[in-house]
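starting from these lines, generate the structure:
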Amino acid sequence: MKIELYNVDDGGKKKMFNYVFDKPCQHFLLGPIVNEIFNVGTNCKIAKGTYTFFLDAHKMSQKFFGNNFFYGVYLMKTSVADTNCNLFCMILVSDFKKKVA
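Numbers count the residues shown, from 1 in each chain. Model (predicted):
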């Protein structure tokens, strides 16, 4: 799995970091999500089929970034692939602004 995070402004986009890992079922954030959606169990094998699910991007962002918060427009590209095919690709553009009282 590969995650890329970019800061987006008038001058274009600037890559902030690359995050690559090969064991999503053991990841602190994605492991529980993969298990819940695909019911993979201990072997981390996804059965062939069609899956429908809802991801709460706000909740996932809070878990991933914690209290280290920043404002602006960010693009996050997530892709999951193996040697045979691309399984999943998601592009999420978020605009973080200060809460107005």
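
number of nearby residues for the closest residue to Asp22 other than its chain neighbours?
Excluding the flanking residues, the one nearest Asp22 by CB to CB, 6 or more residues apart in numbering is Met1, at 7.4 Å. No exception for glycine: its C-beta is placed from N, CA and C like everyone else's. Neighbour count of Met1, defined by other CB atoms under 10 Å: 17.

now for Met1: which residues touch it?
Taking CB atoms under 8 Å, 6 or more residues apart in numbering, we find Met1 in contact with Val20, Phe21, Asp22, Pro24, His27, Leu30, Thr78, Ser79, Val80.

recalculate using a threshold of 10 Å.
19-24, 27, 30, 34, 78-81, 87-88 (CB atoms under 10 Å, 6 or more residues apart in numbering).

mind checking the SS state of the residue most central in space within the chain?
The chain has Thr78 as the residue nearest its centroid, 5.4 Å off, counting by CA atoms, centre = their mean. For Thr78, the secondary-structure state derived from DSSP: H, G, I helix; E, B strand; the rest coil is strand.
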